[in-house]
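1. Fold the following, please.
(one chain, ligands or ions: 1)
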Amino acid sequence: MRATVMYGAGDVRVENVPDARISEPTDALVTVTRAAICGSDLWPYKSMEPSEEGQRMGHEFIGVVEEVGTQVSTVKEGDLVVAPFVWSDGTCAFCREGLQTSCLHGGRYGFDGVDGGQGEAVRVPQADGTLVVLPVGVDDELMASLLTLSDVMATGHHAALAARVGPGKTVAVVGDGAVGLCGVIAARRLGAERIIVLGRHPDRIALAKGFGATDVVSERGDEAIERVRELTDGFGVHSALECVGYEQSTFTALSIARPGGAVGRVGVPQDEAIPAALPTFFDNVTIGGGPAPARAYIEELLPDVLDGRIEPGRVFDRVGPLDDVPDGYRAMNEREAIKVLIEL
Ligand SMILES: [Zn+2]
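-> Numbers count the residues shown, from 1 in each chain. Next comes the predicted model:
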């Protein structure tokens, strides 16, 4: 079968790899019908050391179950399923608390002999705890939005929950990438009164406004912090969603939270330390977040997608076949595309 392999920074190839197949009784074999390139895939794309064996890529996908192991009972051959971006057993102490990203028997796609999602098929371990059956056809018009439940929409929702977004709240979203845009959707969905998006790309800002952003701050650094304070009577926001991961964006998110406010961090941190320790301490700012337990959120978000109440699939602004994956990485890295959808 064909799949995406990264061999170093800027070196992504689609090539022949061993066919995916069942190896554990808890596995499902899934033929991928839609996949995506994630903003987090760009971190190794920028920095990976050259590797001879390469790294299988992709963790966002929808597909059809081809075969299941003998112990799998919740999905069957022919089911259309969405996969959260990590696999999990659904039964351990952390899964039962809705924190499947810390599953005691879980793991990541592309590691330890598990296929990546940017390929023709994936062996999904712990299929019962991981996969969610979709009640639609393979080519349903909602497919792009359904695919975001794998990661970006769940991640935006997680940021909003960690930042304690709720009715009447003033929210700021730091970052206008696909996750930030989904953060706007999530904030609106949870009843935020005002949503300030911090970003500067016209096409992304237009999308953010379409999703419910009420204000735009295109300044950066201290000027951005100043501008948000001006917009909020000098107080700052109740909820700040950090959807980038850089030191500066994290500092901005922490600095615009008002006393007693909260920051939800979902951008993968690129630094060891969290900045602004002293001011956030004296302002009683809650700092939360981490990788989103997408599996815990899919059932809650799915009805909204099916009913068209939210349309996170609009973050995909480029669609192509598997062979376009390497150029898709380039396009996202050069900010030519917000997010790339792969049709198989
Ligand atoms: Zn678990």
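2. Please tell me how far A9 sits from V17.
-> 21 Å (CB to CB, to the nearest Å). Bear in mind the C-beta positions are built from the backbone N, C-alpha and C, glycine included.
3. what's the neighbour count on the nearest residue to K46 once chain neighbours are set aside?
-> When the adjacent residues along the chain are set aside, K46 lies closest to A9, with 6.0 Å between them (CB to CB, 6 or more residues apart in numbering). A9 has 14 neighbours, counted by other CB atoms under 10 Å.
4. Can you check the pLDDT for A9?
-> On pLDDT, A9 comes in at 98.
5. and it, what is it in contact with?
-> Residues in contact with A9 (CB atoms under 8 Å, 6 or more residues apart in numbering) are 44-49.
6. let's see it at 7 Å
-> Taking CB atoms under 7 Å, 6 or more residues apart in numbering, we find A9 in contact with 45-48.
7. same question, T286
-> Contacts of T286 (CB under 7 Å, 6+ apart): A262.
8. That one pairs with what?
-> Note on T286: beta-bridge partners by DSSP bridges are A262.
9. Tell me the residues on the chain that lie near the ion, please.
-> Residues of the chain lying close to the ion (CB under 5 Å from the ion) are 88-89, 92, 95, 103.
10. In helices, which of the residues you listed fall?
-> Residues from those lying in helices, with DSSP state H as the criterion: C95.
11. which two of the residues of the chain next to the ion lie the greatest distance from each other?
-> S88 and C92 (7.9 Å; CB to CB).
12. which neighbours do those two share?
-> Counting by CB under 7 Å, 6+ apart, the shared contacts of S88 and C92 are C103.
13. And the helices in the protein?
-> Under the criterion DSSP H, the chain contains helices at 42-47, 93-96, 127-130, 143-147, 152-162, 178-189, 202-211, 221-231, 247-255, 277-282, 294-306, 325-333.
14. can I get these in a markdown table with mean pLDDT and distance to R318?
-> Formatted as a markdown table, the helices of the chain follow (pLDDT from 0 to 100; distance: least, CB to CB, whole Å):
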| stretch | mean pLDDT | distance to R318 |
| --- | --- | --- |
| helix 42-47 | 96 | 14 |
| helix 93-96 | 98 | 34 |
| helix 127-130 | 98 | 27 |
| helix 143-147 | 98 | 11 |
| helix 152-162 | 98 | 15 |
| helix 178-189 | 98 | 11 |
| helix 202-211 | 97 | 12 |
| helix 221-231 | 97 | 28 |
| helix 247-255 | 97 | 24 |
| helix 277-282 | 96 | 38 |
| helix 294-306 | 98 | 20 |
| helix 325-333 | 98 | 6 |
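15. Among these, which comes closest to V72?
-> Using CB to CB, the nearest of the helices of the chain to V72 is helix 127-130, at 4.7 Å.
16. Would you indicate which residues of the closest one are buried?
-> 127-130 (16 or more other CB atoms under 10 Å).
17. Kindly report the same for stretch 152-168.
-> 152-166.
18. since we're on A83, how many residues are nearby?
-> When neighbours are counted by other CB under 10 Å, A83 comes out with 30.
19. Then A273?
-> 8.
20. Repeat that for T70.
-> Around T70 there are 10 residues (other CB under 10 Å).
21. now P326
-> Counted with other CB under 10 Å, P326 comes out at 16.
22. can you list the helices of the chain in CSV and add distance to T31?
-> Below are the helices of the chain laid out as CSV (distance: least, CB to CB, whole Å):
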stretch, distance to T31
helix 42-47, 26
helix 93-96, 26
helix 127-130, 14
helix 143-147, 15
helix 152-162, 23
helix 178-189, 25
helix 202-211, 31
helix 221-231, 45
helix 247-255, 38
helix 277-282, 47
helix 294-306, 20
helix 325-333, 17
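23. and of these, who's closest to Y109?
-> In terms of CB to CB, the element of those nearest to Y109 is helix 127-130, at 10.2 Å.
24. ok, back up a step: of S88 and C92, which one has the most company?
-> For the pair S88 and C92, the greater number of neighbours falls to S88 (27 against 18), based on other CB under 10 Å.
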